[in-house]
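**Q** this one's sequence-less:
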């Protein structure tokens, strides 16, 4: 079979595929700055123009974000997530919370039914980590996302996990770093504990109820912050 010449477009696609793989496998995490252009050019063995076209393609689809004078950062952990974030950018924080409300309840119910001892240990560990940093709103929102993702993972439903992960990331981008969030951390603590205990007892109804209460408290608090102008919708 005769070899086919490599076209510029296919070379750019190969670079795009490699960059996407780095992101989707977690080598480059959401919020992380990717290596500088000279380093990537050397690693990939391509020209600057080819690399720039590939990076621009991922900026266009929402996986990467260029920050003037600061570099290029990972914005989404998957192409699916990038598409979801583009849609959620047209939604308000409250709209996202309303959808998350229904998803969170089903996740809690399934996690209670399906969790393993290993899952429960990880959920408890993530809760303890988040409780230890409640003085820092930015760090707390990241730790809280890890806690809820540990619960979502215990459902063993890949579609639900992906939906929850990307929806939660979009919500995090909307509210992270808001110092006023510190005021709503204490009321949430008891609801988090109740949720974990229900999952521990494998009580599906109690888990669903705890998750519902948790989201309702969050929604009420965020609505107040929006009214005060602390968070923009």
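**A** The structure has been received and is ready for your questions. Bear in mind the structure is a predicted one, so any value in this text is a computation, not a measurement.
**Q** Quick check: closest non-adjacent residue to residue 168.
**A** residue 145 (5.5 Å; Cβ to Cβ, 6 or more residues apart in numbering). Where you see a C-beta, it was placed from the backbone N, CA and C, and this is true even at glycine.
**Q** How about the host helix or strand of that neighbour, which residues are buried there?
**A** Assigned by DSSP states H and E, residue 145 belongs to helix 137-153. Going by neighbour count (16 or more other Cβ atoms under 10 Å), the buried part of helix 137-153 is 137, 139-145, 147-153.
**Q** And stretch 27-39, by the same measure?
**A** 28, 30, 34.
**Q** Could you give the number of residues near residue 44?
**A** 16 (other Cβ atoms under 10 Å).
**Q** now swap in residue 77 and tell me
**A** Neighbours of residue 77 (other Cβ under 10 Å): 21.
**Q** That one should be in a strand, yeah?
**A** No - when DSSP: H, G, I helix; E, B strand; the rest coil is applied, residue 77 is found to be coil, with no strand at that position.
**Q** May I have the phi/psi pair for it?
**A** Residue 77 adopts backbone torsions of phi -90, psi 0, taken as degrees, to the nearest 10.
**Q** check which helix or strand covers the residue most central in space within the chain.
**A** Residue closest to the mean C-alpha point of the chain, counted by Cα atoms, centre = their mean, is residue 169 at 3.0 Å. Using DSSP H and E, residue 169 maps to helix 158-175.
**Q** can you tell me the average pLDDT over the helix or strand following that helix?
**A** The element immediately downstream of helix 158-175 (helix or strand, assigned by DSSP H and E) is helix 185-200. Helix 185-200 comes out with an average pLDDT of 84.
**Q** any idea of the angle helix 185-200 forms with helix 137-153?
**A** For helix 185-200 against helix 137-153, the angle by axes from the mean of the first three to the mean of the last three Cα atoms, to 10 degrees is 20 degrees.
**Q** Report the inter-axis angle for the following helix or strand past helix 185-200 versus helix 185-200.
**A** Per DSSP H and E, the first helix or strand lying C-terminal to helix 185-200 is helix 204-228. Going by the same axes, to 10 degrees, helix 204-228 is angled at 160 degrees with respect to helix 185-200.
**Q** going forward can the numbers begin at 50, since that is how I track them
**A** All set: I'll call the first residue 50, so the last point we hit is now helix 253-277.
**Q** buried ones in helix 253-277?
**A** So helix 253-277, judged by 16+ other Cβ under 10 Å, has buried residues 253, 255-261, 263-264, 267-268, 270-271, 274-275.
**Q** what's around residue 147, how many residues?
**A** Using other Cβ under 10 Å, residue 147 has 13 neighbouring residues.
**Q** element containing it?
**A** helix 142-163.
**Q** Residue 61 now?
**A** Going by DSSP H and E, residue 61 is part of helix 57-73.
**Q** for that helix, packing partners?
**A** Under the contact criterion of 3 or more Cβ pairs under 8 Å, 6 or more residues apart in numbering; DSSP states H and E, helix 57-73 touches helix 97-109.
**Q** give the contact list for the closest residue to residue 133 other than its chain neighbours.
**A** Distance criterion Cβ to Cβ, 6+ apart; nearest residue to residue 133, sequence neighbours excluded, is residue 215 at 4.4 Å. Residue 215 makes contact with 125-127, 129-130, 133-134 under the criterion Cβ atoms under 8 Å, 6 or more residues apart in numbering.
**Q** Kindly reformat those as JSON lines containing pLDDT.
**A** Listed next are the contacts of residue 215 as JSON lines, based on pLDDT from 0 to 100:
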{"residue": "125", "pLDDT": "82"}
{"residue": "126", "pLDDT": "81"}
{"residue": "127", "pLDDT": "80"}
{"residue": "129", "pLDDT": "79"}
{"residue": "130", "pLDDT": "76"}
{"residue": "133", "pLDDT": "79"}
{"residue": "134", "pLDDT": "76"}
